[in-house]
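Engineer: Provided below are the primary sequence and the corresponding predicted coordinates.
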Amino acid sequence: MRAVIEPRLEWVLPEPLADPPSFAGFGRPVATLLARRGIRDEMQLAAFLAGTTESLHDISEMADADVALDRLKRALDRGERIAIWGDYDADGMTAVVVWVNALRALGAEAIRHVPSRLADGYGLSEGGLRQLAASGVTLLVTCDCGVGNVAEVELARGLGMDVIVTDHHLPGGELPRAVAVVDPHRRDCSYPDPDLTGAGLAYKLATALLARRGAAAADLAAVAAIGTIADLAPMTGESRTIVQLGLMELAATQSPGLRALLERCRAERVPTTRDLAFGIAPRINAAGRIAEAELAMALLLADDVETANRLADELEAVHRRRREMTATAVEEARLLVEGAEGDGPLAIHSDAWEPGIVGLIAGRLADRLGRPVAVAAPIGDELRGSVRGPSDFHAAAALEACGDLLLKRGGHAGAGGFSVASAEWDAFVAAFSSLPRPFPAPTEAAPASAPVAGTSIAVDLVLPAQLLTWVLADEIDRLAPFGPGHVEPMLAVTGLRVGEARRVGTDGRHLALRMLRGHVTFDAIAFACPTDRPLPEEGSALDLVGTLERDTFQDAPRLRLRVVDFASTANSPLAARRRAAREAQPVPMAVEAVAAAG
């Protein structure tokens with residue numbers, strides 16, 4: 001008797017949609033998906049797929065944007081010395097590069113400044129400001145930081161520098177007294193799309209400045225797209241459009257630095273969001289985490305092949321070192337939290353961890369545990385940390401709630417950073433751990449109904465195996481780019497039997513499946529599949545949940561399913577739906593399977 005395999009996660013199945021709208025060029029499954037994501041007619045679909053500058057809002061609608069552009073124009077006209085100050089993550093660094101390239105196209109060579117994560121920490125600092133003032137800077141533009149630096153902006157003013165703050169983090173109770181504070185989250189800002197990242201905001205402002213002077217610069221969207229993806233912006237609205245434009249620019253770029261990066265991460269000929277998220281962004285982030293941000297920025301700005309390849313090789317070595325450090329630290333962190341009960345926030349620290357990787361540790365633990373996690377490491381007499389958590393936990397708001405205990409704090413919904421005096425760590429742990437889930441608490445107008453992240457998987461489409469075709473793959477590809485707010489469609493697939501199942505990869509961490517639909521084979525791969533899960537037996541019927549992807553095997557293209565979870569057909573979460581479909585419509589099996597799709 002074959003072993004029965006239980007699902008590892010809760011499968012949150014969509015309600016059947018009896019009569020989805022029809023869309024030209026899309027079959028019923030994808031039409032069902034589009035309807036479930038709020039697209040109901042051809043006009044909405046066209047706007048969603050557009051990816052043109054016409055779908056971007058006028059930046060003049062954002063508070064202080066015109067004031068910022070006027071001050072930049074005056075600085076250019078007068079030949080003033082301009083500095084761009086960014087954060088040391090991929091969003092901040094790419095924002096700096098966007099500005100440097102745009103200003104070069106206008107005949108100005110800006111000083112770029114990204115502080116050291118270890119020596120300076122997040123945001124503006126006295127040392128850096130004094131250094132720039134001594135260099136003759138009279139106009140400072142911040143990227144991805146600054147909205148919380150009230151005292152530092154006052155210092156800059158006293159040193160003779162005007163400051164333009166461009167940031168997308170939540171402002172505190174008081175805005176800095178800068179020439180302009182351009183932040184879509186200002187309470188008095190009515191900009192239609194508040195979800196721009198630091199790089200996205202730099203792109204919008206820089207292209208507006210160029211347009212005022214009848215100029216253009218290459219690859220601005222390409223660079224901004226990297227920061228947008230790295231900072232997990234929703235793939236809706238303007239962030240989606242910037243990524244669409246950026247992917248098109250990356251496919252045709254002649255930039256030696258971008259070409260070298262694409263080659264190192266073995267990106268597709270036409271790059272995808274996956275290439276940016278798992279290839280380029282981690283490499284750029286590695287420089288800011290354990291080396292110097294200047295390495296990544298110099299690569300992005302490199303204008304000759306020899307320099308680009310040398311810098312790309314240096315960055316590759318940093319990236320490999322960062323991966324090794326992270327793997328060790330994550331395992332140590334896992335042991336620290338082993339046995340922790342409940343699903344509330346956790347806070348941990350270790351003297352052995354590099355401060356530059358605490359965000360990665362927090363992210364891995366939050367994903368694994370399905371709960372908010374704060375991770376910190378010591379620098380001098382303080383601890384610097386990062387917060388990551390599920391979608392029902394607003395990281396920046398959580399840190400604001402603990403603000404009285406913190407030296408610095410900042411962030412947005414998905415991620416936050418903080419520093420705390422070592423003597424206050426225990427008090428911070430108590431305050432952070434006491435925060436409820438969800439946080440902030442839902443209102444009656446917005447009740448909490450989402451399943452707990454990490455223990456469930458939201459299914460977009462329920463499909464019979466015969467619908468896993470190249471046609472379906474092509475239609476899904478047309479809906480890219482994917483990301484938060486518009487995730488890659490998660491398919492629950494039925495009608496497959498196991499042809500072969502084997503453990504592959506280092507220590508058998510992955511599960512490779514050759515599935516059968518009749519006499520046709522279909523490959524599937526479950527990455528990082530827990531080793532304690534039973535190995536499916538040959539001939540057993542399985543239901544699978546995963547994403548459809550293109551792959552190349554022995555130089556031949558193929559489709560395969562990237563599996564997130566699986567279960568024996570007899571007791572999978574799809575069993576009840578199959579029974580209901582049979583009872584409601586007793587038609588021949590092949591027809592019934594297609595009719596039940598979705």
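Structural biologist: That came in fine, so what should we check first? Values in this document were obtained by computation on a predicted structure and should not be read as measured data.
Engineer: quick one, what contacts Phe393?
Structural biologist: Neighbouring residues of Phe393 by C-beta atoms under 8 Å, 6 or more residues apart in numbering: Pro345, Pro372, Leu435, Arg437, Pro438, Phe439. Where you see a C-beta, it was placed from the backbone N, CA and C, and this is true even at glycine.
Engineer: Can you pull the phi/psi pair for it?
Structural biologist: phi -130, psi 110 (degrees, to the nearest 10).
Engineer: From Glu61, how far off is it?
Structural biologist: Separation of Phe393 from Glu61 (C-beta to C-beta, to the nearest Å): 30 Å.
Engineer: Kindly report the same for Gly279.
Structural biologist: 34 Å.
Engineer: And these two? Which one has more around it.
Structural biologist: Between Gly279 and Glu61, counting by other C-beta atoms under 10 Å, Gly279 is the more crowded of the two (20 against 14).
Engineer: tell me the SS of the more buried one?
Structural biologist: helix (DSSP: H, G, I helix; E, B strand; the rest coil).
Engineer: now the one 10 residues further on
Structural biologist: The three-state label given to Arg289 by three-state DSSP is helix.
Engineer: Any idea how many residues pack against the nearest residue to it once chain neighbours are set aside?
Structural biologist: With C-beta to C-beta, 6 or more residues apart in numbering as the criterion, Arg289 has its nearest non-adjacent residue at 3.3 Å, and that residue is Gly356. Using other C-beta under 10 Å, Gly356 has 23 other residues around it.
Engineer: likewise Leu140?
Structural biologist: Neighbours around Leu140, by other C-beta under 10 Å: 29.
Engineer: give the contact list for it.
Structural biologist: Ile82, Ala83, Ile84, Trp85, Leu129, Leu132, Ala156, Met161, Asp162, Val163, Ile164.
Engineer: are any of those buried, and which?
Structural biologist: Among the contacts of Leu140, the ones that count as buried by 16 or more other C-beta atoms under 10 Å are Ile82, Ala83, Ile84, Trp85, Leu129, Leu132, Ala156, Met161, Asp162, Val163, Ile164.
Engineer: out of the residues you listed, which one sits closest to Arg213?
Structural biologist: Arg213 lies nearest to Ile82 out of these, by C-beta to C-beta, at 14.6 Å.
Engineer: Tabulate the buried ones among the contacts of Leu140 in TSV, adding columns for secondary structure, pLDDT and distance to Ser255.
Structural biologist: TSV is the format used below for these (DSSP: H, G, I helix; E, B strand; the rest coil; pLDDT from 0 to 100; distance: C-beta to C-beta, whole Å):
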residue	secondary structure	pLDDT	distance to Ser255
Ile82	strand	98	22
Ala83	strand	98	23
Ile84	strand	98	19
Trp85	strand	97	23
Leu129	helix	97	31
Leu132	helix	97	27
Ala156	helix	98	32
Met161	coil	98	31
Asp162	strand	98	31
Val163	strand	98	30
Ile164	strand	98	26
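Engineer: Let me know the closest of the contacts of Leu140 to Val270.
Structural biologist: Distance to Val270 across these (C-beta to C-beta) is lowest for Ile84, with 30.4 Å.
Engineer: Verify the stated contact: that closest one with Arg112.
Structural biologist: Yes: with contact defined as C-beta atoms under 8 Å, Ile84 counts as touching Arg112 (5.2 Å).
Engineer: Next, show the common contact partners of the two.
Structural biologist: Once C-beta under 8 Å, 6+ apart is applied, the residues that Ile84 and Arg112 both contact turn out to be Val96, Val100.
Engineer: buried ones in the helix or strand harbouring Asp565?
Structural biologist: Element membership for Asp565 (DSSP states H and E) is strand 556-568. Neighbour-count burial for strand 556-568 flags Leu559, Arg560, Leu561, Arg562, Val563, Val564, Asp565, Phe566, Ala567, Ser568 (criterion: 16+ other C-beta under 10 Å).
Engineer: Each with direction, which strands does it pair with?
Structural biologist: Paired neighbours of strand 556-568 in the sheet (DSSP bridges): strand 520-526 (parallel), strand 541-553 (antiparallel).
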